[in-house]
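K.L.:
Structure for this input, please:
(chains A, B and C)
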Amino acid sequence: MKLYYITLNNSDEARHIGRALLEQKLAVCVNWFPITCAYIWKGEITEEPEVVLIVKTQSGYREQIEEVIRQHINYTNFIAEISPTEINNTFLEWLNAEVPLPLKKNYSD
Amino acid sequence: MKLYYITLNNSDEARHIGRALLEQKLAVCVNWFPITCAYIWKGEITEEPEVVLIVKTQSGYREQIEEVIRQHINYTNFIAEISPTEINNTFLEWLNAEVPLPLKKNYSD
Amino acid sequence: MKLYYITLNNSDEARHIGRALLEQKLAVCVNWFPITCAYIWKGEITEEPEVVLIVKTQSGYREQIEEVIRQHINYTNFIAEISPTEINNTFLEWLNAEVPLPLKKNYSD
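P.N.:
Numbers count the residues shown, from 1 in each chain, chains lettered A, B, ... in the order given. This is a model prediction of the structure:
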């Protein structure tokens, strides 16, 4: 089971991307909350409001999740995969009921 | 040392569960903050306000923490154990002063 | 690539420490958001508003980040290093363009 910590520009983006992931069975649950972000780009510091989206899903969907995000935004954001060391059983049962395990890729293709 | 990322329905639950963990010496510090949650259950998407509770404690208390949570709520929530790769020493000294290391279980019982 | 989850007393501290890290090329991006914190100290529980600062940077800067934090605050806080298992490529390109990889320490010194 994986968590993704994703930064986005605003809550509308988080809602649309989060719902797209749920609808496409790429996540069982998403959380989002507002933050302040400061970053450096070509040596200059910018500070602005952003939103963090946390995605909870099966292992193996990272590329598909990135693809959904790319369909919604066109700027460079942050998509970090976090691998919890334990998860409660009742959540895993819920996850397994809603999100199928990904099909194994044929890497010889 | 472990972190737990726990979702709950509201701040009152986070406060009560967080304080119960502190009182029972199952955590040295807890943090909580409001989020928006969207999830899928039997194919239907629901969006609602929730709260994340972050618990900081020794390794080895996961089952006891889950038991305290179960005493306070009766719905399926998310309890993810995150294992940091490094922690600052002064925090570890504080943790060790307040929260004893768990007794080893006798697995032959 | 590493994430740091850092607790601080307020947003001003988060902004000053975050900007110092960006200016010193010890981070490419920082996020902060308000939380409620409850902790136990010498057996007594205290609850108060705090702020979480998330720092995104190269591996190998933990000690220098702790040093910057120590220059700004004089209380015991929490600095947890989280090691993501995957990061999106476009973010890594941005990180590599802004934050140099740390020089290897000579441990025989």
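K.L.:
Any buried residues in the longest helix anywhere in chain A, and which?
P.N.:
Counting by DSSP state H, the longest helix found in chain A is helix A:11-23. For helix A:11-23, the neighbour count (16 or more other CB atoms under 10 Å in any protein chain shown) marks A:S11, A:E13, A:A14, A:R15, A:I17, A:G18, A:R19, A:A20, A:L21, A:L22 as buried. For the C-beta atoms, the positions are set from N, CA and C on the backbone; glycine is no exception.
K.L.:
how about the nearest residue to A:H72, chain neighbours excluded?
P.N.:
Distances taken as CB to CB, 6 or more residues apart in numbering or on different chains put A:I17 closest to A:H72, at 5.1 Å, once the chain neighbours are dropped.
K.L.:
just A:S59 next, same as before
P.N.:
Using CB to CB, 6+ apart, the nearest residue to A:S59 is A:K2, at 5.2 Å.
K.L.:
That neighbour: neighbour count?
P.N.:
When neighbours are defined as other CB atoms under 10 Å in any protein chain shown, A:K2 has 20 of them.
K.L.:
Which positions in stretch A:81-92 come out as buried?
P.N.:
A:E81, A:I82, A:P84, A:E86, A:I87, A:N88, A:F91.
K.L.:
What residues does the third one make contact with?
P.N.:
Think A:P84. A:M1, A:K2, A:L3, B:Y5, B:A80, B:E81, B:I82 (CB atoms under 8 Å, 6 or more residues apart in numbering or on different chains).
K.L.:
Where strands are concerned, which of those count?
P.N.:
Cross-referencing the contacts of A:P84 against strands under DSSP state E gives A:K2, A:L3, B:Y5, B:A80, B:E81, B:I82.
K.L.:
helix or strand for A:K56, which one?
P.N.:
Assessed by DSSP states H and E, A:K56 sits inside strand A:44-57.
K.L.:
That strand and chain B, any residue contact?
P.N.:
Yes - with CB under 8 Å from any CB of the partner chain as the criterion, chain B is reached by strand A:44-57 at A:I54, A:K56.
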